[in-house]
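**Student:** need a structure here:
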Amino acid sequence: MSDNDISAPNPIRTCVLGVGLGGLVFHIPFILAQPHLFSLHAVLERSGEGKAHARYGAHMSGAKIYTSMEQVVADPEIELVVVTTPNGTHYALARSALEAGKHVLVDKPVTATAQEARELGELAKSRNLVLAAYQNKRYEADWLALKKLLALPRSSPHSLGDIYEFESRADRYRAVLKGTWKDHAAAGTGLTYDLGSHLIDQALQLFGRPDKITAFIQNIRGIGDPEVDDCFTIYFHYSPLTPDRPCPITVILRSHILSVGSPQLRYVVRGTKGTYTKYGADGQEEYLRSMSDTGQIVRDEAYGMEKSELAGTLQNLDSNGSIVTSRWQADQKGTYADLYSNVWDAIRNGKELVVKWTEATAVVEMIELAYLSQREGRTVDVP
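**Tutor:** The predicted structure follows:
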């Protein structure tokens, strides 16, 4: 987005569906923090309690509270609808908004099935509407640093060479249930849909569609609904290609709910010339939660910068075959707000979305195949 775009405000009148964690922490703050791009016109809150106003009232002057989707689609002033409700409701709500001629941004996972995602994509295309996916972890400092590392030429002393194994994790320790809708069996629930959406999206960005998938998905704690998984290990198998991919690649995606440790392991990448190891999660979510608790919006200049102590570790082979250890520090700020800026540019200027709907659809497709692998106890082919 250019400076000229910003200097000529044309804010998009936006309605946020849902005032749970997603709405209050990951969406409303970015809308309010960019008044030159977005105007929070309304919030859908079925209880009508005014949770968003209670928290962000100082910044929400004039924002309406709707208690039904019928009110949302009937409001001609709403241009963009943000869907941040339980996963199983995404399809119906997004479809209703698109049929009413409104642009839509859907939280991940975009739908419970790949077929639902394809149908929404076709509907948006037929109506010439923007349909975007909130894959916000594309905008994290450690992810941007990892992409920069893997893009290094082989001649660089920091190059990992040909990658043959990539491990990405989102572990945490939680021995009890959260007491939210995520604890109950329903379409699109479970840790594989939740955190798996992020890990799978990043893997697809780096390596494309795998040839095969092997998955182990379970409820490791044995509490709550046994159909709601809280632990997964998913293998993406890639056959070697020539010359871009001379090695077969194994991608390991893991999330464990009973993992003790701080900071948790995030990435391990192994190549023919080195290994990269990274601990610790991006700090944006922690910061956003703390700001949300006090009703503040994102204004900190340091927001999105990775802490120096969380820099990854590189171990490379030099020309003599000796191991050289160094740190790989993220030098680029990550900020979820950039995803919103891109959505504004797509709606107002017709710019291409960074997170394409076909990519978000592919994430759901991989999740479905992972569950198929688990159910049948076998490695499945990826179409």
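**Student:** I'd like the distance from stretch 278-295 to the chain centre, please.
**Tutor:** 15 Å (CA atoms, centre = their mean, to the nearest Å).
**Student:** try stretch 218-238
**Tutor:** Distance, stretch centre to chain centre, for stretch 218-238: 19 Å (CA atoms, centre = their mean).
**Student:** just the CA trace of it, in CSV.
**Tutor:** Provided in CSV are the C-alpha atoms of stretch 218-238 (Å, rounded to 0.1, in the frame of the first residue of the first chain):
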residue,chain,number,x,y,z
GLN,A,218,-5.6,-38.3,19.3
ASN,A,219,-7.1,-37.0,22.6
ILE,A,220,-4.0,-37.5,24.7
ARG,A,221,-5.5,-36.1,28.0
GLY,A,222,-8.5,-38.4,28.0
ILE,A,223,-10.7,-35.7,29.2
GLY,A,224,-13.7,-33.9,27.7
ASP,A,225,-15.2,-35.2,24.4
PRO,A,226,-13.0,-38.1,23.1
GLU,A,227,-13.8,-37.0,19.5
VAL,A,228,-12.0,-33.6,20.1
ASP,A,229,-8.3,-34.1,19.4
ASP,A,230,-5.7,-32.3,21.5
CYS,A,231,-2.6,-33.8,20.1
PHE,A,232,-1.3,-34.5,16.5
THR,A,233,1.8,-35.5,14.6
ILE,A,234,1.3,-35.1,10.8
TYR,A,235,3.9,-36.2,8.2
PHE,A,236,4.0,-34.6,4.8
HIS,A,237,6.0,-36.8,2.4
TYR,A,238,7.7,-35.1,-0.7
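**Student:** buried sites along it?
**Tutor:** Across stretch 218-238, burial judged by 16 or more other CB atoms under 10 Å covers 219, 224, 228-238. (C-beta placed from N, C-alpha, C; glycine too.)
**Student:** show me which of those residues is closest to Tyr371.
**Tutor:** Asp229 (8.7 Å; CB to CB).
**Student:** Glu368 versus that closest one, what's the distance?
**Tutor:** 14 Å (CB to CB, to the nearest Å).
**Student:** shared neighbours of these two, anything?
**Tutor:** Common neighbours of Asp229 and Glu368, using CB atoms under 8 Å, 6 or more residues apart in numbering, do not exist here.
**Student:** am I right that Ala133 is in a strand?
**Tutor:** Yes: when DSSP: H, G, I helix; E, B strand; the rest coil is applied, Ala133 is found to be in a strand.
**Student:** I'd guessed it sits against Lys108; true?
**Tutor:** Yes: counting by CB atoms under 8 Å, Ala133 touches Lys108, with 6.3 Å between them.
**Student:** the more surrounded of the two?
**Tutor:** Ranked by neighbour count (other CB atoms under 10 Å), Ala133 and Lys108 place Ala133 first, with 30 against 26.
**Student:** which non-adjacent residue is nearest that one?
**Tutor:** Ala360 (3.5 Å; CB to CB, 6 or more residues apart in numbering).
**Student:** and the pLDDT for that neighbour?
**Tutor:** In this model, Ala360 is scored at 98, pLDDT.
**Student:** what segments of the stretch 101-250 of the chain are helices?
**Tutor:** For the stretch 101-250 of the chain, the helices defined by DSSP state H, counting those that start in this stretch occupy 114-127, 141-150, 191-207.
**Student:** what's the first one in contact with?
**Tutor:** Residues lying outside helix 114-127 but in contact with it, judged by CB under 8 Å, 6+ apart, are 90-91, 94-95, 98-99, 101, 104, 106, 110-111, 130-131, 357-358, 360-362, 364-365, 368.
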